[in-house]
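# Sequence and computational prediction follow.
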Amino acid sequence: MTRGERPAPRTAPGRLWLALGSVLSASLLLLFLLPIAAIFAYAPPARWVAAAESAPVQQAILLTLYASALAVAASAVLAVPLGYLLARRQFPGRGVVESLVTLPVVVPHLMVGLGFYFLLAVPSAPLHAVTAALGLPVYDSIAGVVLVMVAVSAPYTVVASQLAFRAVDPRLVEASRSLGAAPAAAFLTVTLPVAGRGIVAGLLLTWARAVSEIGGLLLLAAYVFPGGLYGGPVANPISVYVYELFENGNLAGAAAVSSFFLLIAFAIFLAVRAAEQTGWLPWRRGELAP
């Protein structure tokens, strides 16, 4: 369409498809919004304030944010190289590796916790003596929380990194090499910056999934005792904390704590949007945001 030309008017079928798409989109948004609204409506705002001022609630939230940050850091170190390997190298068993990467996403996470329990926690477990000798207990420890979070959330970083590295134009790398850059320099100055947008998006998804984990934690680290990288009081991850309130019949308390944490999560995502608009994140406005 040249400058000055008016866009073609929508036809009746076009308007029908637009209306159908709007109805379906609104239905999905309601599916997201209504359960959240029900949580906020169940407990009055005064209970939200009480939850915010509760020391156990604060500790549960701080523990969750701390453990999820460690999980994201571990995912960046472990998952990004695997994503690069899957994107740029052909090797026997590659399909098996890709299937193993996505397996934690589809299996119930309770099974992930059960597997780690049999592997590390019971006295007869193959690696129990090793972790005990290293002074890194997994059961009811910060190490157990981080381990479960990484296992269930790192696949998002692997897949996002794989897609991001695969999208890098090989001609850019070849041009860098032709100018004398060593393979490592070409990776750090060309491949990684170009793929960085997708990698960061995957890490954000990893963080969100780590924060929301509960299944594996119920079996391996429902309580976290001081030790290792954690020096705080005995605490639950926030998901387990809310679950225990619900199990004990404290529905108003569960709703109040959930409301307070939802406000925190919403504020974090608003901060992500603000960072996106101001250019702090490595993508243009509206691209690949979580």
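Arrived safely, thanks for sending.

# Might you list the low-confidence residue ranges for the chain?
Low-confidence segments of the chain (pLDDT under 70): 1-12, 279-290.

# Just the buried residues of the lengthiest helix in it, please?
When the chain is parsed with DSSP state H, its longest helix is helix 55-88. Neighbour-count burial for helix 55-88 flags 57, 59-61, 63-68, 70-72, 74-76, 79-80, 82-87 (criterion: 16 or more other C-beta atoms under 10 Å). (Glycine included, C-beta is placed from N, CA and C.)

# same question, stretch 26-43
In stretch 26-43, counting by 16+ other C-beta under 10 Å, buried: 39-40, 43.

# Tell me which of those fall in helices.
Reading helices off the buried residues of stretch 26-43 with DSSP H, I get 39-40.

# which one of the buried residues of stretch 26-43 is nearest V148?
Closest approach between the buried residues of stretch 26-43 and V148, by C-beta to C-beta: I39, at 24.4 Å.

# hang on, the closest one packs against A256?
No - counting by C-beta atoms under 8 Å, I39 does not reach A256; the two are 9.1 Å apart.

# quick one on the thing from earlier: how far out from the middle of the chain is the longest helix of the chain?
8 Å (C-alpha atoms, centre = their mean, to the nearest Å).

# could you point out which element follows it?
Next helix or strand after helix 55-88 toward the C-terminus (DSSP states H and E): helix 94-106.

# What separation do you get for T278 and F266?
Separation of T278 from F266 (C-beta to C-beta, to the nearest Å) stands at 19 Å.

# Does the helix or strand hosting L217 pack against any helices or strands, and if so which?
Using DSSP H and E, L217 falls within helix 215-220. The contact analysis (3 or more C-beta pairs under 8 Å, 6 or more residues apart in numbering; DSSP states H and E) places helix 215-220 against helix 109-116, helix 142-166, helix 238-247.

# Would you mind putting the CA coordinates of the last one into PDB?
Looking back up the chat, that one is helix 238-247. Listed next in PDB are the C-alpha coordinates belonging to helix 238-247 (Å, rounded to 0.1, in the frame of the first residue of the first chain):
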ATOM      1  CA  ILE A 238       5.700 -20.000  49.800                       C
ATOM      2  CA  SER A 239       3.800 -22.500  47.800                       C
ATOM      3  CA  VAL A 240       4.100 -25.100  50.600                       C
ATOM      4  CA  TYR A 241       3.300 -22.500  53.200                       C
ATOM      5  CA  VAL A 242       0.000 -21.700  51.500                       C
ATOM      6  CA  TYR A 243      -0.700 -25.400  51.000                       C
ATOM      7  CA  GLU A 244      -0.300 -26.100  54.700                       C
ATOM      8  CA  LEU A 245      -2.700 -23.200  55.600                       C
ATOM      9  CA  PHE A 246      -5.300 -24.700  53.200                       C
ATOM     10  CA  GLU A 247      -4.800 -28.200  54.600                       C
END
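
# Which of the residues in that helix are classified as buried?
238-245.

# what's the distance between whatever helix or strand comes next after it and the middle of its chain?
The helix or strand immediately downstream of helix 238-247 is helix 251-278, counting by DSSP H and E. Relative to the chain's own centre, helix 251-278 is displaced by 15 Å; criterion: C-alpha atoms, centre = their mean.

# helices or strands up against helix 251-278?
Using 3+ C-beta pairs under 8 Å, 6+ apart: helix 251-278 touches helix 12-42, helix 45-53, helix 55-88, helix 238-247.

# want to try TSV for the ones you listed, with distance to V159 as columns?
Converted to TSV, the helices and strands packed on helix 251-278 look like this (distance: least, C-beta to C-beta, whole Å):
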stretch	distance to V159
helix 12-42	23
helix 45-53	35
helix 55-88	7
helix 238-247	23
